[in-house]
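1. sequence plus predicted model, see below.
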Amino acid sequence: MIRQISAIAWKDLKILFKDTGGIFWLFLMPVLFIFVMTAALGNQFSSGGDSPFNILVVNEDSGPAGAQLVAGLKSSGGFDVETEWDSAPLTREKAEQLIVSKERNIAVIIPADFSATIQQGAFGATGGGPPKRAQITLVVDPALSLQFVGPVKGALAGLSQQAMMFVLAPRGIEMFLDQVDQTLGTPVPPKLRKMLQERAAQGTSMGAGMDSLVEIKETQPAGMAIESFPNSTQQNVPGYTLFGLFFISGVLATSILEEKQVGTFRRLLAAPLSRTAFLLGKLTPYVFVNLVQVALMFAVGVFLMPLIGAPALNLGRHPEALVLISVVTSLSATGLGLLLAALAKTHTQVGGLGALLAVIMAALGGVMVPRFVMPQFMQTLGLITPHAWALDAYQDVLVRGYGLGHIWPGIAALTGFAVLFFGVALWQFSWD
């Protein structure tokens, strides 16, 4: 019995390893997946040096509180703080332009009256009403996930309190010492006064109620039509829709390969059928299937997600743009399937290469890991995938409130991918 088991196992191993191309792709997929995901998430596990993402800081305040807040952000180690762009100090207008152009995702705006408002709120007359609050504005790309906005807001809340104490504590000590001078009739020695003020500046608290002097306002860049920030459904539905769309490329490639093996193509040679007509005929039904899949996935987001307590998918102000994005993305996915069919020779090769491309491109394109948290070279590398362009175009409509006029770069890129994939498939395709 052992001999029989060994003989069968040896036979299957020889058959399996006879397809060297299939084995190559089978082993390559996990290796590349480990490499891509490690590189993409490297910043998330770094203990220093690299930062999860960049943060723009515009300090319009000439007082000590603004400078202290900027210094605190830089020394926190959690962000790569940028206060200049092209060797010039950042302005709010420039920061918002960088967010609109998608070069950056988030900016902190410290207003010109930040220090003065804090001091007035703590020591000025209020007329019996609540003191005026100093306001920090957080300008955020609406497509930025709340899991990344939250830590920034948390850090700002803590650091703004430290900056506030840096301003208020010495002034409070000075006022107290002035009262001591008046009471005793003898001035406190200058060295002692200075020492107390310096120690007060290093303090972390001045009693209850001081946290109400600073507030953080979250907004989006001027010109973005969206009125609310994204929910989990708006983040996940387009991403995993793309993940499913490109898996159909393997199904299409397998269908063509099976027709080759059963001899269908040999019969087609007798007909006046060009390779172009054949490949377009194979592509068309799968484009239709992909569009049905997109409609189904988005319908789940709109109608079913609320039934389980999740937010409903908001289709944005221009849902017609979603149709165009879906069409060119489907053409790109099915074009990739034709390319797979032209290059692969066996089912193992189709399965290995198809899974490799579907998973690796999804990872590079931001479906699994948002591209903005990746190192810069990984963000640039992601642009070689249709996933990055499609996901960005979807979120332009769903989250940023854009219409057809703003998504044309993504449409052009996806059309280019579709033409490229189909062209190479046509060039490499053979009937046998």
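-> Nice, thanks for sending it over. Residues are numbered from 1 along each chain as shown.
2. tell me the contacts of Cys350?
-> One thing to correct before we go on: residue 350 is Val, not Cys. Gly250, Ala253, Thr254, Leu257, Leu340, Ala341, Ala344 (Cβ atoms under 8 Å, 6 or more residues apart in numbering). Backbone N, C-alpha and C define where each C-beta goes, glycine included.
3. in space, what's closest to the third one - neighbours in sequence excluded?
-> If I follow you right, that is Thr254. Leaving aside its sequence neighbours, Thr254 sits nearest to Val350 (Cβ to Cβ, 6 or more residues apart in numbering; 5.4 Å).
4. and what of the fifth one?
-> Counting by Cβ to Cβ, 6+ apart, Leu340 lies nearest to Ala253, which is 3.7 Å off, once chain neighbours are set aside.
5. could I get the contacting residues of that neighbour?
-> Residues counted as contacts of Ala253 (Cβ under 8 Å, 6+ apart) are Gly337, Leu338, Leu340, Ala341, Ala344, Val350, Gly354.
6. all strands for the chain, in order.
-> Using DSSP state E, the strands assigned to the chain run over residues 54-59, 80-82, 84-85, 88-89, 106-110, 134-140, 214-219.
7. now render these as JSON lines, adding mean neighbour count, mean pLDDT and distance to Val367.
-> Putting those into JSON lines (neighbours: other Cβ atoms under 10 Å; pLDDT from 0 to 100; distance: least, Cβ to Cβ, whole Å) gives the following:
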{"stretch": "strand 54-59", "mean neighbour count": "22", "mean pLDDT": "89", "distance to Val367": "22"}
{"stretch": "strand 80-82", "mean neighbour count": "16", "mean pLDDT": "86", "distance to Val367": "24"}
{"stretch": "strand 84-85", "mean neighbour count": "14", "mean pLDDT": "88", "distance to Val367": "30"}
{"stretch": "strand 88-89", "mean neighbour count": "10", "mean pLDDT": "88", "distance to Val367": "36"}
{"stretch": "strand 106-110", "mean neighbour count": "24", "mean pLDDT": "90", "distance to Val367": "21"}
{"stretch": "strand 134-140", "mean neighbour count": "21", "mean pLDDT": "87", "distance to Val367": "21"}
{"stretch": "strand 214-219", "mean neighbour count": "15", "mean pLDDT": "84", "distance to Val367": "26"}
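8. and the residue lying closest to Gly72 once chain neighbours are set aside, what does it touch?
-> The shortest distance from Gly72 to any non-neighbouring residue, by Cβ to Cβ, 6+ apart, is to Leu159 (3.9 Å). Applying Cβ under 8 Å, 6+ apart to Leu159 gives the contacts Leu69, Gly72, Leu73, Ser76.
9. can you pick the most crowded of those residues?
-> Greatest neighbour count in those, by other Cβ atoms under 10 Å, goes to Leu69: 27 neighbours.
10. got a pLDDT number for it?
-> pLDDT recorded at Leu69 is 86.
11. does Ser160 really touch Ile216, like I thought?
-> Yes. Under the criterion of Cβ atoms under 8 Å, Ser160 makes contact with Ile216 at 7.4 Å.
12. now the common contact residues for those two.
-> Common contacts of Ser160 and Ile216 (Cβ under 8 Å, 6+ apart): Ile136.
13. any idea how far Ala88 lies from Ile99?
-> Using Cβ to Cβ, to the nearest Å, we find Ala88 at a distance of 17 Å from Ile99.
14. before we move on, the earlier item: want to throw the contacts of Leu159 into CSV with distance to Leu331?
-> Listed next are the contacts of Leu159 as CSV, based on distance: Cβ to Cβ, whole Å:
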residue, distance to Leu331
Leu69, 49
Gly72, 50
Leu73, 45
Ser76, 46
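15. just give me the least confident of the residues you listed.
-> Ser76 (76).
16. how about it, nearest residue that isn't a chain neighbour?
-> Among residues not flanking Ser76 along the chain, Ala155 sits closest, at 6.0 Å (Cβ to Cβ, 6+ apart).
17. quick check, pLDDT for that neighbour.
-> pLDDT, Ala155: 81.
18. correct me, but Met297 touches Phe243?
-> No. Applying Cβ under 8 Å as the test, Met297 and Phe243 come out as separate, 10.0 Å apart.
19. nearest approach to Leu313 belongs to which of the strands of the chain?
-> Closest to Leu313 of these is strand 134-140 (Cβ to Cβ; 20.3 Å).
20. output the closest one as CSV, restricted to C-alpha atoms.
-> The C-alpha trace of strand 134-140 is given here as CSV (Å, rounded to 0.1, in the frame of the first residue of the first chain):
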residue,chain,number,x,y,z
ALA,A,134,-8.9,79.9,20.4
GLN,A,135,-9.6,77.8,17.3
ILE,A,136,-7.3,75.5,15.5
THR,A,137,-8.6,74.5,12.0
LEU,A,138,-7.9,71.0,10.7
VAL,A,139,-8.3,70.9,6.9
VAL,A,140,-8.8,67.4,5.8
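21. could you give the average pLDDT over stretch 91-105?
-> Mean predicted confidence for stretch 91-105 is 86.
22. contact partners of it?
-> When contacts are defined by Cβ under 8 Å, 6+ apart, stretch 91-105 is touched by residues 53-56, 58, 60, 82, 85, 106-107, 109, 139-141, 144, 148, 221-224, 372, 392.
23. and it, end to end?
-> Distance between the two ends of stretch 91-105: 15 Å, counting by Cα to Cα, to the nearest Å.
24. for stretch 399-418, same thing?
-> Chord length of stretch 399-418, first to last residue, is 25 Å (Cα to Cα).
25. so which bits of that stretch are buried?
-> 399-402, 406-407, 410-411, 413-415, 417-418 (16 or more other Cβ atoms under 10 Å).
26. neighbours of the nearest residue to Arg104 once chain neighbours are set aside, how many?
-> Spatial nearest neighbour of Arg104, excluding adjacent residues (Cβ to Cβ, 6+ apart): Leu98 at 4.5 Å. A count of neighbours around Leu98, defined by other Cβ under 10 Å, yields 21.
27. return the distance of Ala425 relative to Leu339.
-> Taking Cβ to Cβ as the measure, Ala425 falls 4 Å from Leu339.
28. for Ala418, same thing?
-> To Leu339, Ala418 is 11 Å away according to Cβ to Cβ.
29. equivalent analysis for Ala358, please.
-> 13 Å.
30. with Gly365 instead?
-> Going from Gly365 to Leu339 by Cβ to Cβ gives 17 Å.
31. how about Val289?
-> Separation of Val289 from Leu339 (Cβ to Cβ) stands at 18 Å.
32. compare neighbour counts for these two and give me the winner.
-> In this view Val289 and Leu339 are compared by other Cβ under 10 Å, and Leu339 has more residues nearby, 25 against 16.
33. so Leu404 sits right up against Leu322, yeah?
-> No. Between Leu404 and Leu322 there is no contact under Cβ under 8 Å: 10.4 Å.
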